[in-house]
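1. Give me a model of this one.
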Amino acid sequence: PRTFNEHLNHKKLFDRRPILTMLADKYAVRQYVRERVGEEYLNEVYLVTENPEDLDFSRLPDRFVVKATHGSGWNVIVLDKSQADERAIKERCAFWLKMNYYDLGREWCYKHIPPRILVEAFIGDASGKVPLDFKFFCFDGIPHFIQVDFDRFEHHTRNLYDTRWNQLPCKLLYDNNEQGCPVPSNLDEMLAVAEKLAYGLDFVRVDLYSVRNRVYFGEMTHYPGNGFEGFDPAWYDAYFGSFWKKAGRLSGKR
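-> The predicted structure is shown next:
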């Protein structure tokens, strides 16, 4: 493998380290985060269950997020529970629990995650909307690029930056955001958190949020875009791939 996406597909096919499963598990990874960077970076959890009927809106705040621990994109954002269909959400959770996300795209890290439903606090920006998503591409434990996703559920745009916050003149699947994103005041903290979480891994994307100057952990992603998101210009695929030193290697003892 030479390009970034080739490395991701190589990883899907040949990397079978158990740590990949643990890091992809949206509940199990919380202990890893506690040990690496501390409890203060974790979002509040209201419920973890294998039974959708345990989801009781009367015991939840007005805003929350329902997600499956064993997949990607299996989320329901509830911004006003009085307007949400509780039965429909429970049925969706039941559907998720019957699925193995590995069957959809052969992303091995999801294959052995126990299916559960996780309910977390909603983290909103100053306007009450879904905040910017900061995604740190870490190679050999070091962040090199930062992907910023804007308005993911309505008018999704995306910019890529280096760690000095210079925007890269390229696109990754989505159009660029013309307004851009100012340098986060806590960029150094986010870089430090990403580096501590990525230490010892050949590649991982560490996803973080910054809300009211507080950094929250999102998730750790082994195969961004399932290894098929296209760069424009296309040569950036090889450029990102050049930072991947060895496929399938876990270094370090920590």
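2. rest of the way, CA atoms for contacts and neighbours
-> Noted.
3. Check the separation of the first and last residues in stretch 10-23.
-> Start-to-end span of stretch 10-23 (C-alpha to C-alpha, to the nearest Å) is 18 Å.
4. let me fix that: stretch 145-160
-> 7 Å.
5. buried residues in that stretch?
-> Using 16 or more other C-alpha atoms under 10 Å as the burial criterion, the residues of stretch 145-160 that qualify are 145, 146, 147, 148, 149, 150, 157, 158, 159, 160.
6. cool, and stretch 108-123?
-> 108-110, 113-123.
7. now do stretch 87-96
-> 89, 90, 93, 94, 96.
8. ok, back up a step: which of the buried residues of stretch 145-160 sits closest to residue 67?
-> Nearest to residue 67 among the buried residues of stretch 145-160, counting by C-alpha to C-alpha, is residue 149 at 19.2 Å.
9. Check what pLDDT the nearest residue to the closest one once chain neighbours are set aside gets.
-> Distances taken as C-alpha to C-alpha, 6 or more residues apart in numbering place residue 158 nearest to residue 149, at 4.6 Å, with adjacent residues excluded. According to the prediction, residue 158 has pLDDT 98.
10. mind listing the strands for the protein?
-> 45-49, 64-68, 75-78, 117-121, 133-139, 142-150, 157-162, 171-172, 203-211, 214-221, 231-232 (DSSP state E).
11. Could I get those in JSON lines, plus columns for distance to residue 28?
-> Compiled in JSON lines, those are given as follows (distance: least, C-alpha to C-alpha, whole Å):
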{"stretch": "strand 45-49", "distance to residue 28": "11"}
{"stretch": "strand 64-68", "distance to residue 28": "12"}
{"stretch": "strand 75-78", "distance to residue 28": "17"}
{"stretch": "strand 117-121", "distance to residue 28": "11"}
{"stretch": "strand 133-139", "distance to residue 28": "20"}
{"stretch": "strand 142-150", "distance to residue 28": "23"}
{"stretch": "strand 157-162", "distance to residue 28": "29"}
{"stretch": "strand 171-172", "distance to residue 28": "29"}
{"stretch": "strand 203-211", "distance to residue 28": "15"}
{"stretch": "strand 214-221", "distance to residue 28": "11"}
{"stretch": "strand 231-232", "distance to residue 28": "32"}
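12. Nearest to residue 1, out of the ones you listed?
-> Ranked by C-alpha to C-alpha, the member of those that lies closest to residue 1 is strand 203-211, at 13.6 Å.
13. Now do the closest one: distance to the chain's middle.
-> Put simply, strand 203-211 sits 6 Å off its chain's centre (C-alpha atoms, centre = their mean, to the nearest Å).
14. In its sheet, which strands sit next to it, and in what direction?
-> strand 133-139 (antiparallel), strand 214-221 (antiparallel) (DSSP bridges).
15. For those, state which one has the densest average packing.
-> Most buried of these, by mean neighbour count (mean count of other C-alpha atoms under 10 Å): strand 133-139, with a mean of 25.
16. Only alpha carbons, please: show that strand as CSV.
-> The C-alpha trace of strand 133-139 is given here as CSV (Å, rounded to 0.1, in the frame of the first residue of the first chain):
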residue,chain,number,x,y,z
ASP,A,133,-16.1,18.1,14.6
PHE,A,134,-12.3,18.2,14.9
LYS,A,135,-10.7,15.0,13.5
PHE,A,136,-6.9,14.5,14.0
PHE,A,137,-5.1,12.2,11.6
CYS,A,138,-2.4,10.6,13.7
PHE,A,139,0.4,8.6,12.1
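17. and it, what's its mean pLDDT?
-> Mean predicted confidence for strand 133-139 is 97.
18. residue contacts, the nearest residue to residue 223 once chain neighbours are set aside?
-> Using C-alpha to C-alpha, 6+ apart and skipping the chain neighbours, the partner closest in space to residue 223 is residue 8 (5.6 Å). The contact partners of residue 8, taken as C-alpha atoms under 8 Å, 6 or more residues apart in numbering, are 222, 223, 224, 226, 227.
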